[in-house]
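Participant: predicted model and sequence below, questions to follow.
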Amino acid sequence: MRVRTTAVLATSLAVLPLTACSSPDGKPEASPAVAAPSSAPPSASPSPSRTAPLTFGQSLTTNAAEDGSVATATVIGYQQGVKAQQSADTENGTDGYVWAALELKVCSTKGTIHTSRFPWILSYPDGVRIEPSGTTFGDFPKPEYPIEATVKEGDCVRGKTVYAVPSAQHPTKILYTTKLLAEPAEWAVPTA
């Protein structure tokens, strides 16, 4: 399931002011641009590259060019070692894996949006990426993030999605990998 959005990072938007300077021939010329924070609303233009991942609680703002919808997505928290009726090893035929829960919140600020848990990926320093579990048990952490949802303007969806992860490692980033983003959005996982 894809989320119909085109990324524009509100936290990364910048206005590039130009100032006039005199050139040797007396005509004004533009000085090098300096990035400054902007309070301008998101646009449909491509987002600039980020140098650092977002932090938990920091929102990504997206704007869908095809329908004008605007949404925010936020990673709220990560918990490893979640207990469930069946172990991650038993469910997945692995050894040394445990359940982990990622808490997410997505809101529509304009129009109707569609969201899913599947673009949210755990990223490890060795290049391993782990997708959400396709399994759900009644004792997984609540509230559960929906498999997919339609969210009307002014509404939000918040919940936890579960992953089978190696017990001896922790992810360093949470990636939002929807196909509509030029590059995945990233949130840094705080060190345990």
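Facilitator: That came through fine.
Participant: looking at this, residue 89 is in a helix?
Facilitator: Yes: counting by DSSP: H, G, I helix; E, B strand; the rest coil, residue 89 is found in a helix.
Participant: with adjacent residues omitted, what lies nearest to it?
Facilitator: With sequence-adjacent residues excluded and distances taken as CB to CB, 6 or more residues apart in numbering, residue 89 is closest to residue 97, at 5.2 Å. Glycine gets a C-beta too; all of them are placed from N, C-alpha and C.
Participant: contacting residues around that neighbour?
Facilitator: 87-89, 164-167 (CB atoms under 8 Å, 6 or more residues apart in numbering).
Participant: can I have the buried ones of those as a ChimeraX selection?
Facilitator: In ChimeraX syntax, the buried subset of those is picked out as below (16 or more other CB atoms under 10 Å):
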select :88,164,165,166,167
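Participant: tabulate the contacts of residue 97 (JSON lines), appending pLDDT.
Facilitator: Output for these, formatted as JSON lines (pLDDT from 0 to 100):
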{"residue": "87", "pLDDT": "94"}
{"residue": "88", "pLDDT": "94"}
{"residue": "89", "pLDDT": "95"}
{"residue": "164", "pLDDT": "96"}
{"residue": "165", "pLDDT": "97"}
{"residue": "166", "pLDDT": "97"}
{"residue": "167", "pLDDT": "96"}
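Participant: the contacts of residue 97: which two are farthest apart?
Facilitator: 87 and 166 (13.3 Å; CB to CB).
Participant: could you list the low-confidence segments of the chain?
Facilitator: The model of the chain has pLDDT under 70 over residues 1-51, 179-180, 192.
Participant: all strands for it, in order.
Facilitator: 14-15, 20-22, 28-30, 36-37, 59-63, 70-82, 97-110, 113-116, 120-123, 129-130, 148-151, 156-166, 173-176, 185-188 (DSSP state E).
Participant: distance from the chain centre to the fifth one, please.
Facilitator: By that I understand strand 59-63. 9 Å (CA atoms, centre = their mean, to the nearest Å).
Participant: what's across from residue 186 in the sheet?
Facilitator: When bridges are called by DSSP bridges, residue 186 pairs up with residue 175.
Participant: quick one: it and residue 59, what's the gap?
Facilitator: According to CB to CB, to the nearest Å, residue 186 and residue 59 sit 13 Å apart.
Participant: was I right to think residue 78 contacts residue 165?
Facilitator: No: using CB atoms under 8 Å, residue 78 makes no contact with residue 165, being 9.9 Å away.
Participant: surely residue 123 and residue 176 touch.
Facilitator: No: using CB under 8 Å, residue 123 is not in contact with residue 176, being 10.8 Å away.
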